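Q: Sharing a sequence plus its predicted fold:
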Amino acid sequence: MGLLRRLLSFGFAAGMVAGGSMAQTSVASGGALGGLPLGWDPRLVAWAAHDAVASGDGSQIQRLLSLASQWPALSGQSTDGANPAELAMQRQDERDAMAAVVDALIQMKVAVPVDTLRGLAADFGNDVAVLLSRMPPEQAGALSFEFYRDQAEQNYGLRYVSAALLALHPVPGFAADLIGKVKVQATVLVVLPGGLGGVGGGSSSCGGSFGEFTRSDWPMIGQYSLYEGKDYGDLQLVGGIDPVYARPFESSHYRGSFSAVSLGPNQRVRLIAEMLEISAEDIPWKTMVDRTIEFESPGQFEGALTDFVNEQQEMHRATVAALEARKLLTVSEAERSLPQLEVILNDGRGEDAEPLPDRLELPFGVTLVPRAF
């Protein structure tokens with residue numbers, strides 16, 4: 001199919017939506033099998049998006065935006081009455097077509113409206129991260145905060161990029177949420193007097209690979225993965241303490257939002273340091289600490305454990321005070337914003353040892369997890 005024919009087909013489909021000349025029927029009402037309106041050919045849409053980039057045809061931008069603005073999250077679609085295999089194939093094609101549309105918007109450097117980005121985020125998190133990073137901070141702030149607070153597992157890359165953008169341009173409530181959701185894990189080994197002990201840890205790794213399926217009648221689909229390290233051709237999304245880059249690649253199908261960056265406790269602390277304009281090493285507390293406490297009596301042990309907890313929280317409060325001094329926390333936020341401290345008690349004294357106290361009076365925000373081995 002030639003370029004002109006594909007563009008005309010695309011223009012006709014988009015024109016029907018813009019002009020309202022054809023009723024749009026969703027899966028829930030028994031019409032089309034997926035996210036695109038009835039009568040749309042995902043393959044033609046993908047080719048039209050591809051050709052718009054190849055030709056530099058700016059006249060197609062509004063139609064690309066119209067398509068992107070109508071994308072519903074796949075998780076919100078009904079499957080009632082649809083053949084599962086046919087539905088799965090149709091939805092995959094529609095998602096591939098929309099991935100081509102969004103990539104075209106990225107490559108053509110189009111400013112995409114906030115509502116459209118919100119609608120795309122669930123299925124195209126990395127692409128939305130690229131587009132979000134290009135918005136002026138005063139426009140991106142509220143949406144970045146919304147994405148940062150989103151708990152969807154598949155959007156951990158977008159969530160991190162949003163947090164990194166907010167660390168450079170904070171909005172009210174961000175600093176309080178950022179530090180208040182830092183999880184500090186304190187492992188305490190309980191030993192008999194004179195006993196030796198050490199607290200060990202483990203590590204885990206995860207990885208993934210993507211299967212590749214070829215098809216000759218579709219264009220290759222442009223998409224992005226997120227990394228901290230820069231490679232040739234990468235796009236920098238966020239600067240600052242830990243720059244984030246989007247790495248473009250092509251595939252015959254949309255692969256999903258792979259990201260090598262995520263918002264864990266250590267990343268939160270580093271972003272806090274960036275907001276304070278200090279090195280992360282200058283923050284005196286860590287997100288994983290350990291201590292060995294000898295058990296002589298219930299009262300002595302509780303006192304030693306309380307001292308350890310107070311020592312940790314004093315350092316946490318110093319960081320909170322620094323954020324408040326820079327007007328990043330309000331007075332009321334500073335009073336209730338502390339990292340979450342989980343104390344894991346590993347009782348290494350043996351089976352015949354005197355039981356640890358049933359109830360320990362520890363400060364607010366501290367949870368206790370007793371373990372024996």
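A: Yep, that arrived. Here the structure is a predicted model, which is why all the values come from computation and not from measurement.
Q: Only C-alpha atoms from now on, for both contacts and neighbour counts.
A: OK.
Q: Would you map the helices across the stretch 51-200 of the chain?
A: Ranges of helices within the stretch 51-200 of the chain are 61-69, 84-107, 114-120, 125-133, 137-149, 156-168, 174-180, based on DSSP state H, counting those that start in this stretch.
Q: Relative to E294, which of the ones you listed is closest?
A: Of all these, helix 174-180 sits nearest to E294, with 31.0 Å by C-alpha to C-alpha.
Q: That closest one - contacts with which helices or strands?
A: Counting by 3 or more C-alpha pairs under 8 Å, 6 or more residues apart in numbering; DSSP states H and E, the packing neighbours recorded for helix 174-180 are helix 265-276.
Q: so the helix it packs on versus helix 156-168, what angle?
A: 20 degrees (axes from the mean of the first three to the mean of the last three C-alpha atoms, to 10 degrees).
Q: Not counting its own residues, what contacts helix 265-276?
A: The set of residues external to helix 265-276 that reach it, using C-alpha atoms under 8 Å, 6 or more residues apart in numbering, is 163-164, 167-168, 175, 178-179, 182-184, 240-241, 279-280, 282-283, 286-287, 322-323, 326.
Q: Doesn't Y224 lie inside a helix?
A: No. Residue state for Y224 (DSSP: H, G, I helix; E, B strand; the rest coil) corresponds to strand; a helix is not indicated.
Q: and the nearest residue to G264 once chain neighbours are set aside, what does it touch?
A: Of all residues not flanking G264 in the chain, V182 sits nearest, at 8.0 Å (C-alpha to C-alpha, 6 or more residues apart in numbering). Listed by C-alpha under 8 Å, 6+ apart, the contact set of V182 reads 264-265, 268-269, 287, 339-340.
Q: Could you do L263 as well?
A: The neighbours of L263, taking C-alpha under 8 Å, 6+ apart as the test, are 156, 159-160, 163.
Q: burial of the closest residue to E228 other than its chain neighbours, as a residue count?
A: Among residues not flanking E228 along the chain, V244 sits closest, at 4.7 Å (C-alpha to C-alpha, 6+ apart). Neighbours of V244 under the rule other C-alpha atoms under 10 Å: 24.
Q: quick one, phi/psi of V244?
A: phi -120, psi 140 (degrees, to the nearest 10).
Q: coming back round to it: I'd like the helices of the stretch 51-200 of the chain laid out as TSV, including distance to A48, mean neighbour count and mean pLDDT.
A: TSV is the format used below for the helices of the stretch 51-200 of the chain (distance: least, C-alpha to C-alpha, whole Å; neighbours: other C-alpha atoms under 10 Å; pLDDT from 0 to 100):
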stretch	distance to A48	mean neighbour count	mean pLDDT
helix 61-69	9	19	93
helix 84-107	8	21	87
helix 114-120	19	17	96
helix 125-133	19	24	97
helix 137-149	29	18	95
helix 156-168	27	25	96
helix 174-180	40	21	97
